[in-house]
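Student: Structure for this input, please:
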Amino acid sequence: MANNVKPHLSIGEKLKLIGLSLFVAPCMLAIVGAQVLLFAFRNNLNIRLYLLSAGVRVIFSTFTAREIQTLLPPTEDVYRAWIQRKARLTKDPALKERLQCDIKRLPDGNSSILWVGNRHKARKVVLYLHGGGYVMPSQAGHFECVWNTFVLSGLESDTEVTVAFLQYSLAPASKVPVQLRQAAFALSEILKAGFSAKDIVIGGDSAGGNLTMQTLKHLVEPHPEACHIALDEPLSAAVLVSPWLSTEYSSSSCLEYDSSDMLSRAVMRSLTADASIYEQQSDSDETNSWAKPLECRGAWLGKLHNAVRKIHMTVGGREILADQATSMAKAIEAMKTDVQVTVESDPNAAHDFIVAEGILEQVGEATIKMKQWFKGLL
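Tutor: Predicted coordinates:
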């Protein structure tokens, strides 16, 4: 999907969307909300976060990708609104200075870097790739999350940090490897802006974690359709939050938390169908494998030390994708590279709770832990 352009729905599609919004979604929310609420009560879990998780699950379960993109504002609009609101509510002039709308269009014309923080003063930069199954625009919670986690952590550590938030094209209109091409463009622009690789962190949540791993693979085994990037040294670190790394959904975590997590196996299969089919309808398994790095193990894993120094993964102990992060860490460690790999699991969390905290505008446990990790890099 092109920059800030919503899908065009027919009259029939619009009528269907109205019906789903007025009748089906509320019923689904009542049912799923009750199930998740009971689960949270029984296990003494954070009720607000789990109810929010249920709401996101209903969106993915009820609406198609095009319907979601019709209902929700595009990423760039969300960014502009978040900047304006945050700046209006902020009294500190030093913080207001870091809340300026700053957009850099990328060469393909359909993607942009949305800067959070002062990129002109920054010594460190985080290239952030947002989640949403490749079909959902970013939410205000994503921007709140990167502000709290990275920009404010930098200020607290006396190190200026900026976030290069990638607005990429959405599926199903744009499929593999479009988002990888755009991520490579973004990283290339950051390097051209004068940032050294050792001062760059790359990361993302959910599908953004998937795109992070694709980009790391590209750095050691370049994709023929993405711009080539030659690093003088490895990136500082990569951070993957609840990463989506495989299209296999039969692990123990997938089965155990299928009915209580933000995502279900049925949702993941739908997202896979939307996002992972090659743009030109090629039958190339090699091309599609870029979107499932856990299933595409090979020599590239042994070369990761040329791309990044550290990889940090965080997962919820009660999310369906938890086993994927653990398996990815083991696969990298088995290659005996110099990459330092860590996996942090919160036994009370479901999928992507750090962004959920951002949506609720709270600095919760997931955010605090990520801030601690990030400050260790500064």
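Student: in this protein, which helix has the most residues?
Tutor: Taking DSSP state H as the criterion, the chain has its longest helix at helix 25-42.
Student: And it, how far out from the chain middle?
Tutor: 25 Å (CA atoms, centre = their mean, to the nearest Å).
Student: and what of stretch 292-309?
Tutor: Taking mean C-alpha positions (CA atoms, centre = their mean), stretch 292-309 and its chain are 19 Å apart.
Student: can you start the count at 32 instead of 1 from here on
Tutor: Done: numbering now begins at 32, and the last item shifts to stretch 323-340.
Student: how about it: buried residues?
Tutor: Within stretch 323-340, the residues that count as buried by 16 or more other CB atoms under 10 Å are 323-325, 327-328, 331-340. No exception for glycine: its C-beta is placed from N, CA and C like everyone else's.
Student: ranges for the strands of the protein?
Tutor: For the chain, applying DSSP state E gives strands covering 134-136, 143-147, 155-160, 192-198, 231-236, 268-272, 341-347, 371-377.
Student: Who are the packing partners of the shortest one?
Tutor: Yep, that's strand 134-136 we're talking about. In terms of contacts (3 or more CB pairs under 8 Å, 6 or more residues apart in numbering; DSSP states H and E), strand 134-136 is packed against strand 143-147.
Student: Measure how the strand it packs on sits relative to strand 155-160, angle-wise.
Tutor: 130 degrees (axes from the mean of the first three to the mean of the last three CA atoms, to 10 degrees).
Student: report the angle between the axes of strand 143-147 and strand 192-198?
Tutor: Using the same axes, to 10 degrees: strand 143-147 against strand 192-198 is 150 degrees.
Student: Can you name the residues in contact with strand 143-147?
Tutor: 34, 106-107, 110, 129, 133-137, 174, 177-178, 181-182, 193-198, 217, 220-221 (CB atoms under 8 Å, 6 or more residues apart in numbering).
Student: follow-up on the earlier one: and the longest helix of the chain, what other elements does it pack with?
Tutor: helix 78-93.
Student: Please identify the buried residues of the helix it packs on?
Tutor: 80-93.
Student: can you check stretch 258-278 too?
Tutor: 260, 262, 265-278.
Student: Residue 231: which of those residues is nearest?
Tutor: residue 266 (5.0 Å; CB to CB).
Student: The closest one against residue 228, yeah?
Tutor: Yes: counting by CB atoms under 8 Å, residue 266 does reach residue 228; the two are 5.2 Å apart.
Student: Low-confidence regions, the protein specifically.
Tutor: 32-35, 308-319 (pLDDT under 70).
Student: residue contacts, residue 128?
Tutor: residue 149.
Student: Next, it: phi, psi?
Tutor: phi -60, psi -30 (degrees, to the nearest 10).
Student: so how far is residue 150 from it?
Tutor: 12 Å (CB to CB, to the nearest Å).
Student: From the buried residues of stretch 323-340, pick the one nearest residue 49.
Tutor: Closest to residue 49, out of all of those and judged by CB to CB, is residue 323, at 35.7 Å.
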